[in-house]
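# Give the three-dimensional model of this entry:
(2 chains)
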Amino acid sequence: MLERIYKAQTTMDTACKTLGRQINIMEVCGTHTVSIFRNGIRSTLPRQLKLLSGPGCPVCVTDQSYIDIVLQIADRDDCIIATYGDMIRVPGKGGSLEKNTKANVKIVLSSEDALQLAKDNPGKIVVFVAVGFETTAPATAVVVKEAAEQNIGNFCILSGHKLVVPAMRALVSEKNHNIDAFLCPGHVSVIIRYGAFTEIVEHFSRPCVVAGFEPMQIIEGLAEICRQLTAGKAELTSVYKAAVTEQGNTTAQKIMAECFEEADGYWRGLGKIEKSTLKLRDKYSQLDALTRFNITETPGEDTSGCRCGEVLCGLIEPPECGLFKNSCTTENPVGPCMVSSEGACAAWFKYGPER
Amino acid sequence: MCLAIPARIVELEKDNAVVDAMGNRWRAKTTLLPEAKLGDLVLIHAGFAISLVDEEEAKETWQLLAEIADFDETSDKISG
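Below you'll find the model as predicted:
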């Protein structure tokens, strides 16, 4: 183990010396962010190697307007909101689900639980707060199909599902040109196959390395990126061979494609990104909460002074935000990156300060 | 949120499974992984099996999760 760590560190040192400048590597996945902080990985890296925490936490990238729609629906007496636990503390303009005492909110661990809730409560409409990347979207698709097949009329979803690659594209093409490479999310790759990142490598010449979340994988993933940067190459590789396959999970890909179509959508901090979100196909429109309640999403300005958006693009580090540790803490979060346990601000707050 | 946990399928009827990780058991669906069989080690994410996983990988993850649990407990004791 020590030998592997030593070898990885030597590779990183070589890259820093060869390039003679700061190297910026973005870890896209929130699970990576947490593992990096928990294991103290930052403090073992060369000073010139900087890690940026990217837009890979579904809670963090959910636009305020989405939260406001959830709160709007939560105000109805005839609805039950079914949500993953991470979402209840995220503030919109009118508070959060947790603070809305009138709201009938149930925390679920899976989309199946949400559908079951609808079956158990025929007198209420159960609205599933469907957030997450390609790891979670297939699970939503399964229950959408099930609800349609079983004619369950009191169930619908509010799709906030997002796609990882369009966000990476938006980052390197316009939001932050200083990103040298990406450490790509392991479990998303299990679904979408690791070849999905080819575009970022070929069009934008950024190395993409898929890694799991064990510390050794992260370290070796970073070393692999450094090896490529030293050689002046951009390649797609995976150090997470155990679960990521060439094809990905084709069953999950198929069911996702059957239920959803790509649509332009809003991301916190990144704004509108083309074809970056998943919208229910027309044949499932009766299960779409936006259609059912006749709601149009209108993105609004965040006026709280929260700089989560810049954090998510890797433009600033959490302590550079004026609210950090002042009015924004894990106890009383202002922005989503502090709410989510996988958010960069929460990680800095809990484990920082680290380089 | 995108953290999947390795677990072994200990019961399976159609796509309804009971899975076990480190002695913890819970219900999961195999709808997204139709090839999953009784006794297989799978990655579970948000209640669904999404991929097969090998023994070594599963053990590494379980060990890490146990360490995190220990760390959180210690950290809570220190800060609390």
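# And what about the residue nearest to A:M216 when sequence neighbours are not counted, helix, strand or coil?
Distance criterion C-beta to C-beta, 6 or more residues apart in numbering or on different chains; nearest residue to A:M216, sequence neighbours excluded, is A:R4 at 6.6 Å. (C-beta placed from N, C-alpha, C; glycine too.) With DSSP: H, G, I helix; E, B strand; the rest coil as the basis, the three-state label of A:R4 is helix.
# what about A:R4, distance to A:C29?
Per C-beta to C-beta, to the nearest Å, A:R4 is found 22 Å from A:C29.
# Looking at these two, which one has more neighbours?
A:C29 (33 against 12; other C-beta atoms under 10 Å in any protein chain shown).
# Helix or strand: which one has A:A147?
helix A:137-149 (DSSP states H and E).
# and that helix, what does it pack onto?
helix A:111-120, strand A:125-132, strand A:155-161, helix A:250-259, strand B:48-52 (3 or more C-beta pairs under 8 Å, 6 or more residues apart in numbering or on different chains; DSSP states H and E).
# how about the helices in the stretch 201-350 of chain A?
Listed in chain order, the helices of the stretch 201-350 of chain A (DSSP state H, counting those that start in this stretch) span residues A:215-231, A:250-259, A:289-292, A:308-312, A:336-339, A:344-351.
# How about chain B?
In order along the chain, chain B carries the following helices (DSSP state H): B:55-79.
# Of all residues in it, which one is closest to chain A?
Relative to chain A, the nearest point of chain B is B:G47 (2.5 Å; C-beta to the nearest C-beta).
# Tell me how far the most far-flung residue of chain A relative to its centre lies from A:N104.
What lies farthest from the middle of chain A is A:G123; by C-alpha atoms, centre = their mean that is 33.8 Å. Distance, A:G123 to A:N104, using C-beta to C-beta: 12 Å.
# thinking again about what came up before, my read is the residue farthest from the centre of chain A is in a helix, agree?
No: A:G123 is assigned coil when assessed by three-state DSSP, not a helix.
# ok, for the residue of chain B closest to chain A, nearest residue in space, not its chain neighbours?
Per C-beta to C-beta, 6+ apart, closest to B:G47 is A:S110, 2.5 Å.
# quick one, what contacts the residue in the stretch 51-200 of chain A that chain B sits nearest to?
For the stretch 51-200 of chain A, the residue closest to chain B is A:S110, as judged by C-beta to the nearest C-beta, at 2.5 Å. Going by C-beta atoms under 8 Å, 6 or more residues apart in numbering or on different chains, A:S110 touches A:A139, B:A28, B:K29, B:A46, B:G47, B:F48.
# mind redoing it with 7 Å?
Residues in contact with A:S110 (C-beta atoms under 7 Å, 6 or more residues apart in numbering or on different chains) are A:A139, B:A46, B:G47, B:F48.
# Which one of these is nearest to A:C16?
B:A46 (38.6 Å; C-beta to C-beta).
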